[in-house]
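Student: Give me coordinates for this.
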Amino acid sequence: MQALEDINRWLMDEGRRLGDGVTIVEGYCARLVAAGVPLSRANIAQRLANPLLTAWGIIWPPESTDSCDMSRVRLDTSRYIGEQFHYVRENRKPLHKSLRGLDCDTDHPA
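Tutor: Below you'll find the predicted structure:
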C-alpha cells in the first residue's frame, strides 16, 4: 500500500506541476508498473467543447506515449465507427471486453 500512497503523493505534488499531459501519464503509468500493477496499455481522454475537436487523449504503451486530438471529421470514418471509443461515446457506459480469443475478422482492428 505504501507504493500506492507514494504514487498518489507524486500525482498531487510533482506530477500535477509538470504541465505536460504526456509526461504526467508516462510518470504515472511507470510508477504503477514499478508498484506491481500489471499494466500494458492506458488510454486517457477528455471531451472538448470545441466545434472542430471532439476529444483529446493520451495513449500509453510502455515503449512510447503519444497524445492525439480527435477531430469531428474523424468520427465519420470506418477507422472510428465500431472502435472502443465509439462504443463508449454512443452508449455512455464503459466497455469491458476480454482480449482473449479476439477474432480479427469480426472485431474492430483497434
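
Student: Could I get the average pLDDT for the longest strand belonging to the chain?
Tutor: The strand spanning the most residues in the chain, taking DSSP state E as the definition, is strand 53-60. Model confidence over strand 53-60 averages 80 on the pLDDT scale.

Student: Buried ones in that strand, by neighbour count?
Tutor: When burial is assessed from 16 or more other C-beta atoms under 10 Å, strand 53-60 yields the following buried residues: Thr54, Ala55, Trp56, Gly57, Ile58, Ile59, Trp60. (Glycine included, C-beta is placed from N, CA and C.)

Student: of the residues you listed, closest to Gln46?
Tutor: Distance from Gln46 was checked for each of these by C-beta to C-beta. The minimum falls on Trp56, at 5.3 Å.

Student: in the protein, what secondary structure element scores lowest on mean pLDDT?
Tutor: Least confident element among the helices and strands of the chain, by mean pLDDT, DSSP states H and E: strand 66-71 (a mean of 74).

Student: Residues contacting the helix ranked longest in the chain, please?
Tutor: As far as residue count goes, and with DSSP state H defining each element, the longest helix of the chain is helix 21-34. Residues outside helix 21-34 that contact it (C-beta atoms under 8 Å, 6 or more residues apart in numbering): 3, 6-7, 10-11, 15-16, 18, 39, 42, 44, 58, 60, 62, 65-67.

Student: Could you find the residue nearest the spatial middle of this structure?
Tutor: Centre of the chain computed as the mean C-alpha position; nearest residue by C-alpha atoms, centre = their mean is Asn43, 0.8 Å away.

Student: Restricted to helices, list the contacts of helix 21-34.
Tutor: Among the contacts of helix 21-34, the members falling in helices (DSSP H) are Ala3, Asp6, Ile7, Trp10, Leu11.

Student: min pLDDT across the residues you listed, which one?
Tutor: Confidence by pLDDT is poorest for Ala3 among the ones in helices among the contacts of helix 21-34, given 86.

Student: That one: how many residues sit nearby?
Tutor: Here the count is done by other C-beta atoms under 10 Å, and Ala3 has 13 residues near it.

Student: Leaving out chain neighbours, which residue sits closest to it?
Tutor: Counting by C-beta to C-beta, 6 or more residues apart in numbering, the nearest residue to Ala3 once its immediate chain neighbours are dropped is Ala35, at 3.6 Å.
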